[in-house]
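Chemist: Provided below are the primary sequence and the corresponding predicted coordinates.
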Amino acid sequence: YNLCMALSPEAIQVLRELNPWWADPSVVRPAPPPYRRPLVAEIAGRLRQPKGLMEIVRGPRQVGKSTGITQIIQDLLGSGTPAGDILMVRFDLELLREERDALRSILRWYVEEIRRRPLGKGAASYLFLDEIHKLRRWDEEVKHLGDTFQVRMFLTGSSSVLVARGGRESLAGRVFTTELPTFSFREVLECWKPEMAHPLPKAIRIQDMFDGALQDSLQALEDLKPQQRLAIDRTLERYYTRGGYPRLYSGEVHDDQWADYLVQTVFDSVLGADIPDLFPVENPQLLRHLYLTVARLTATVIPQNKLPAIAAEAGFQTNQPTTGKYLHYLADALLIREFRRYPLAKKTSARLPAKITVSDLGVRNALFRGAPSLSESDPGILGPLVETMVQTVLRGHNLQVHFFRDYEDPGNRRSTVREVDFVLERVDGETIPVEVKFRKRIDGADVVGIRHFMGRFRCPLGVVVTRQLARWDPEDRLLYVPLRNFLLAF
């Protein structure tokens with residue numbers, strides 16, 4: 001590090017502004033909100049351990065990655081970590097990014113002027129590197145740092161390009177990656193409507209469903225008072241319309257601006273700038289068209305040849321490999337989710353149909369300027385939109401999410417096709433099917449698919465997400481859960 005170039009005075013000034021705790025350990029700017037997202041709290045807990053993997057957090061812009069950094073720094077300072085042992089660098093700032101040998105030069109200056117002892121001496125330093133993927137050859141620099149010095153590193157970026165493009169090989173086994181999506185419905189209540197969240201039972205992890213935790217949680221949710229349910233339902237209608245981007249709830253975006261804000265954030269900034277900056281997008285208009293198509297068809301099973309056909313009708317000349325590649329870019333930026341058919345084919349083929357949803361329903365509603373009423377509209381229209389809401393909580397470490405569609409008699413194409421909306425698969429192969437039936441009355445015909453699945457595969461229970469019905473059917477091992485309670489459980 002001694003061979004690095006000296007930092008410019010302008011870069012030094014920016015670093016001091018980004019790290020105000022060096023001058024006054026009580027100051028973190030901007031002052032972070034008191035609410036800690038569970039994923040951020042988990043990362044903070046791991047970082048407090050003396051040794052551990054590098055933490056990578058990826059997620060779309062405006063979901064709170066940088067806020068998470070300031071919260072973790074505030075907690076470290078509050079628990080006695082010396083202010084000089086914490087460095088935060090934002091590589092979305094061109095001034096820092098364009099410094100010669102940027103990361104090495106910044107670190108050399110930090111060690112000499114702020115930490116004032118070598119990185120290997122005494123307690124570890126905490127390095128927070130925001131939007132690291134914008135730095136050239138970042139993965140080699142980070143690998144060298146992690147291999148050479150005792151440092152705890154926290155990296156963020158808008159894309160899993162963080163663990164791709166060479167990073168996957170060079171950082172293999174050294175990183176723990178967390179996806180930070182938009183806020184869940186429960187997180188919206190906990191952060192901005194704490195009086196509504198206060199009587200809720202403790203949130204469970206989606207993996208806990210395999211051990212029967214959902215039944216216990218639902219009993220407590222059923223005990224909520226009618227006026228509490230009514231207030232929560234009103235907020236749920238708003239969440240269904242606007243989605244989970246935090247600035248829609250913090251007061252920063254006015255009520256008449258929410259749709260314009262989402263279109264600007266996702267459609268203009270992510271599709272127009274972020275993705276083309278990271279990947280070779282030869283046709284940006286086609287990328288936007290594909291996202292619009294997924295938004296319109298959210299939660300439907302789309303054969304791979306259907307998307308090029310729809311694009312051709314709209315005047316785009318394309319093919320299956322190109323649309324497949326662009327879908328990968330959209331999924332990589334966490335704008336959409338692709339679900340593969342269960343059980344997975346032995347050979348992964350792009351020709352197999354996939355179920356695709358937008359990650360955040362609010363963006364879809366912003367693009368189409370509204371959504372049918374959650375409380376009054378036809379179940380047939382609402383079905384895919386409710387499925388898109390349900391998938392927001394179906395995520396967790398060591399958990400895969402699929403959909404199921406197969407012939408009742410596998411291999412016999414004349415037999416009836418049976419479907420299940422989502423299949424959760426644990427590492428040990430155990431599964432839980434989740435079916436969405438958002439209607440007032442549910443009869444036997446509505447659960448034929450999920451019953452068929454449970455007869456064929458190993459499942460502790462099946463879950464049916466409903467409009468109102470709440471009950472446990474011990475004979476079929478089916479748990480009927482109102483949408484409100486299902487979203488609040490996690």
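Modeler: Thanks, I have it.
Chemist: I'd like the distance between Gln391 and Thr323.
Modeler: 21 Å (CB to CB, to the nearest Å). C-beta here means a position set from N, CA and C on the backbone, and glycine is covered the same way.
Chemist: let me fix that: His397
Modeler: Distance from His397 to Thr323, by CB to CB: 30 Å.
Chemist: now do Ala203
Modeler: For Ala203, the distance to Thr323 - CB to CB - is 37 Å.
Chemist: the more surrounded of those two?
Modeler: Thr323 (25 against 17; other CB atoms under 10 Å).
Chemist: Gln304 is in contact with the more buried one, correct?
Modeler: Yes. The pair Thr323 / Gln304 is scored as a contact, 7.5 Å apart, by CB atoms under 8 Å.
Chemist: Common neighbours of those two, please.
Modeler: Taking CB atoms under 8 Å, 6 or more residues apart in numbering as the criterion, Thr323 and Gln304 do not both touch any residue.
Chemist: so what's Gly80 up against?
Modeler: By CB under 8 Å, 6+ apart, Gly80 has no neighbours at all.
Chemist: and it, helix, strand or coil?
Modeler: Three-state call for Gly80 (DSSP: H, G, I helix; E, B strand; the rest coil): coil.
Chemist: and it, what pLDDT?
Modeler: Note for Gly80: predicted pLDDT of 94.
Chemist: what's the distance between it and Val28?
Modeler: Noted for Gly80: a distance of 15 Å to Val28, by CB to CB.
Chemist: same deal with Ala102?
Modeler: Ala102 is 24 Å from Val28, by CB to CB.
Chemist: Likewise for Asp260?
Modeler: 31 Å.
Chemist: ok, these two, which is more surrounded?
Modeler: Taking other CB under 10 Å, Asp260 and Val28 do not tie; Val28 has more neighbours (23 against 12).
Chemist: Tell me how far stretch 319-329 lies from the chain's centre.
Modeler: Chain-centre distance of stretch 319-329: 21 Å, with CA atoms, centre = their mean, to the nearest Å.
Chemist: neighbours around Leu236, how many?
Modeler: With other CB under 10 Å as criterion, Leu236 counts 21.
Chemist: quick one: contacts of the helix or strand harbouring it?
Modeler: Assessed by DSSP states H and E, Leu236 sits inside helix 226-242. Outside of helix 226-242, the residues within contact range by CB under 8 Å, 6+ apart are 185, 188-189, 193, 196, 199, 224, 248, 258, 262, 361-362, 365, 370-371, 373-375, 385, 389, 483-484, 487-488.
Chemist: hmm, 6 Å instead?
Modeler: Phe185, Val188, Met196, Leu248, Trp258, Gly362, Asn365, Ala371, Leu374, Arg484 (CB atoms under 6 Å, 6 or more residues apart in numbering).
Chemist: just stretch 93-100 next, same as before
Modeler: Taking CB under 6 Å, 6+ apart as the rule, stretch 93-100 contacts Met5, Glu10, Ala11, Val14, Phe91, Ser105, Lys134, Leu135.
Chemist: Only C-alpha atoms, please: export it in PDB.
Modeler: C-alpha atoms of stretch 93-100 as PDB (Å, rounded to 0.1, in the frame of the first residue of the first chain):
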ATOM      1  CA  LEU A  93     -19.200   9.400  -6.000                       C
ATOM      2  CA  GLU A  94     -17.100   9.900  -9.200                       C
ATOM      3  CA  LEU A  95     -14.600  12.000  -7.300                       C
ATOM      4  CA  LEU A  96     -13.600   9.000  -5.100                       C
ATOM      5  CA  ARG A  97     -13.900   6.500  -7.900                       C
ATOM      6  CA  GLU A  98     -11.600   8.400 -10.200                       C
ATOM      7  CA  GLU A  99      -8.700   8.600  -7.700                       C
ATOM      8  CA  ARG A 100      -5.700   6.700  -8.900                       C
END
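Chemist: show me what contacts Ala311?
Modeler: His289, Thr318.
Chemist: Need the pLDDT of it.
Modeler: 97.
Chemist: Now the host helix or strand of it: buried residues?
Modeler: Using DSSP H and E, Ala311 sits in helix 306-313. Neighbour-count burial for helix 306-313, with 16 or more other CB atoms under 10 Å as criterion, is recorded at Lys306, Leu307, Pro308, Ile310, Ala311.
Chemist: pLDDT score for the closest residue to Ile381 other than its chain neighbours?
Modeler: Leaving aside its sequence neighbours, Ile381 sits nearest to Pro372 (CB to CB, 6 or more residues apart in numbering; 5.2 Å). Looking at Pro372, its pLDDT is 96.
Chemist: And the pLDDT for the nearest residue to Ala124 once chain neighbours are set aside?
Modeler: Closest residue to Ala124 apart from its sequence neighbours, by CB to CB, 6+ apart: Gln150 at 4.7 Å. pLDDT recorded at Gln150 is 86.
Chemist: What of Pro9?
Modeler: pLDDT at Pro9 comes out at 95.
Chemist: Can you get me a residue count around it?
Modeler: 8.
Chemist: how much space is there between it and Leu487?
Modeler: Taking CB to CB, one finds Pro9 at 51 Å from Leu487.
Chemist: do Asn365 as well
Modeler: Taking CB to CB, one finds Asn365 at 17 Å from Leu487.
Chemist: Same check on Tyr110?
Modeler: With CB to CB as the criterion, Tyr110 and Leu487 are 43 Å apart.
Chemist: quick revisit: go ahead and confirm the residue nearest to Ile381 touches Gly383.
Modeler: No. Counting by CB atoms under 6 Å, Pro372 stays clear of Gly383, with 10.9 Å between them.
Chemist: okay, the two: which has more neighbours?
Modeler: Legend: neighbour count by other CB under 10 Å for Pro372 and Gly383, higher for Gly383 (17 against 13).
Chemist: Which strand or helix spans the more buried one?
Modeler: helix 379-390.
Chemist: go on, Val434?
Modeler: strand 431-437.
Chemist: now what about that strand, what contacts it?
Modeler: 209, 386-387, 390, 420-425, 446, 450, 453, 457, 459, 462-466.
Chemist: Equivalent analysis for stretch 193-205, please.
Modeler: By CB under 6 Å, 6+ apart, stretch 193-205 touches Leu189, Glu190, Ala213, Ser217, Ala220, Ala231, Ile232, Gly396, Leu488, Ala489, Phe490.
Chemist: burial measure for the fourth one, as a count.
Modeler: Translated: Ser217. The burial count for Ser217: 23, using other CB under 10 Å.
Chemist: Tell me which helix or strand it sits in.
Modeler: Using DSSP H and E, Ser217 falls in helix 213-222.
Chemist: Show me what that helix is in contact with.
Modeler: Pro201, Ile204, Ala470, Asn485, Leu488, Ala489.
Chemist: now swap in stretch 121-130 and tell me
Modeler: 66, 69, 85-90, 119, 150-156.
Chemist: Can you go through the residues you listed and name the buried ones?
Modeler: Looks like the contacts of stretch 121-130 have 66, 69, 85-90, 119, 151-156 buried, using 16+ other CB under 10 Å.
Chemist: Just the closest of the contacts of helix 226-242 to Asp75, please.
Modeler: Nearest to Asp75 among those is Val188, at 22.3 Å by CB to CB.
Chemist: for the helix or strand hosting Leu327, the distance to its chain's centre please.
Modeler: Under the criterion DSSP H and E, the helix or strand holding Leu327 is helix 320-332. Helix 320-332 sits 18 Å away from the centroid of its parent chain (CA atoms, centre = their mean).
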